[in-house]
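**Q** Build the 3D model from these lines:
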Amino acid sequence: ELSPTTDTNRVKSLMNLLDCLFDDYSWVEGMPERQTLIYIKCCFLFATIWSLCATTNEEARLELDLIFQELLKGKLSPEIYKMCRLTEGKTHDTTLELDNLFPAEGHIFDYQYIKEGDGDVPGRWVEWKEEVSKAPAISKEAQVNQIIVSTVDTIRYTVLMSLLVNHGKPALFVGPTGTGKSIYITDFLLNGIDNNIYKPLFINFSAQTSAGQTQNIIMGKLDKRRKGVYGPPLGQRMVRLFQFLLLLFLFFVGYRLSQNCVQALNNN
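**A** The predicted structure is shown next:
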């Protein structure tokens, strides 16, 4: 992992994604049970890939892809038993039973699951790169420093952010400096969501950020509802973007006070 995570956090991320995916599913009276089960299994697989497996590096993703491909086939090789530290000879439920719905080609990280489907199939797997071809053309009037070229990664980030933000779930993006995280997220918050509903709040932390500055930035974006109660304008929801969040967890008094401000905002 590029940034270490705990088992509890990964499971929480899994449940957040499942909650989002299930919330978008409309159960219809008389719908066959098989349809519902297939949708649940595919949603669980997609959520597992982009929660439990999403924090790994490229080398680990290749190993995870191999494991999942064999799980989909229902039979694990001796190499997978060794990799997963399973005991050969013991009974393990190793089949996901997706009725061959997952594509046989490519890696598990190459696909997203969408709820639209044909016939008795409630959804389908689509390659991320298919969405790249649908991206709008870059305007001729666009400034060079404003151009964002759509790639598989930008599509992934946008889809996952949209899914989580529209359902009120948090997301944490980590990675090396200069890889475009802040640009992608800022562009999404400014142009990818309905700004009549969502009010973005941007806070950039640095070595000079004080608790007072943090509080002023937060309070400057909030309306006073009544004594001691503040919030975004009525009818809107606030989406908060914290950059360089790692600074808040350094053991210095100023950073700890800023961390308390952020925690108070998130807890209320």
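**Q** Ile138 reaches Ile147, doesn't it?
**A** Yes. Applying Cβ atoms under 8 Å as the test, Ile138 and Ile147 come out as touching, 5.7 Å apart. Heads up, the C-betas are built off the backbone N, CA and C, glycines and all.
**Q** I'd say Lys129 and Val152 touch.
**A** Yes. With contact defined as Cβ under 8 Å, Lys129 and Val152 form a contacting pair (5.4 Å).
**Q** thinking again about what came up before, please say which of Ile138 and Ile147 ends up with more neighbours.
**A** Applying other Cβ atoms under 10 Å to Ile138 and Ile147 shows that Ile138 carries more neighbours, namely 12 against 9.
**Q** mind checking pLDDT for that one?
**A** We note a pLDDT of 82 for Ile138 in this prediction.
**Q** just Lys169 next, same as before
**A** pLDDT, Lys169: 89.
**Q** list the contacts for it?
**A** Neighbour list for Lys169: 16-17, 19-20, 163 [criterion: Cβ atoms under 8 Å, 6 or more residues apart in numbering].
**Q** quick one: which of these has the most company?
**A** Within those, most neighbours by other Cβ under 10 Å means Leu17, with 24 neighbours.
**Q** if I look at that residue, how far off is Ile217?
**A** Using Cβ to Cβ, to the nearest Å, Leu17 is found at 30 Å from Ile217.
**Q** just the helices in the chain please.
**A** Listed from the start of the chain, the chain has helices (DSSP state H) covering 7-23, 33-49, 58-73, 78-83, 128-132, 152-165, 181-187, 211-220, 253-267.
**Q** looking at these, which is closest to Glu105?
**A** helix 58-73 (10.5 Å; Cβ to Cβ).
**Q** what helices or strands is that closest one leaning on?
**A** helix 78-83 (3 or more Cβ pairs under 8 Å, 6 or more residues apart in numbering; DSSP states H and E).
**Q** Quick check: which ranges of the stretch 51-200 of the chain have low pLDDT?
**A** Residue ranges of the stretch 51-200 of the chain with pLDDT under 70: 86-101, 116-122.
**Q** per the record, what domains does this structure have?
**A** If you go by the TED database, the domain ranges for the chain are 1-134, 139-267.
**Q** Can you give me every residue that contacts the closest residue to Ala47 other than its chain neighbours?
**A** Ranked by Cβ to Cβ, 6 or more residues apart in numbering and with sequence neighbours excluded, the top spatial neighbour of Ala47 is Leu17, at 3.8 Å. With contact set as Cβ under 8 Å, 6+ apart, Leu17 has these partners: 46-47, 50-51, 163-164, 169.
**Q** gap between Leu17 and Ala171?
**A** Distance from Leu17 to Ala171, counting by Cβ to Cβ: 10 Å.
**Q** and if you look at Leu164?
**A** According to Cβ to Cβ, Leu164 and Ala171 sit 5 Å apart.
**Q** ditto for Asn196
**A** 22 Å.
**Q** Those two - which one has more neighbours?
**A** Neighbours were tallied for Asn196 and for Ala171 using other Cβ under 10 Å; the higher tally belongs to Ala171 (14 against 8).
**Q** is it true that that one touches Ser162?
**A** No. Judged on Cβ under 8 Å, Ala171 makes no contact with Ser162 at a distance of 10.4 Å.
**Q** How far does stretch 143-158 sit from its chain's centre?
**A** Centroid separation for stretch 143-158 versus its chain: 17 Å, with Cα atoms, centre = their mean, to the nearest Å.
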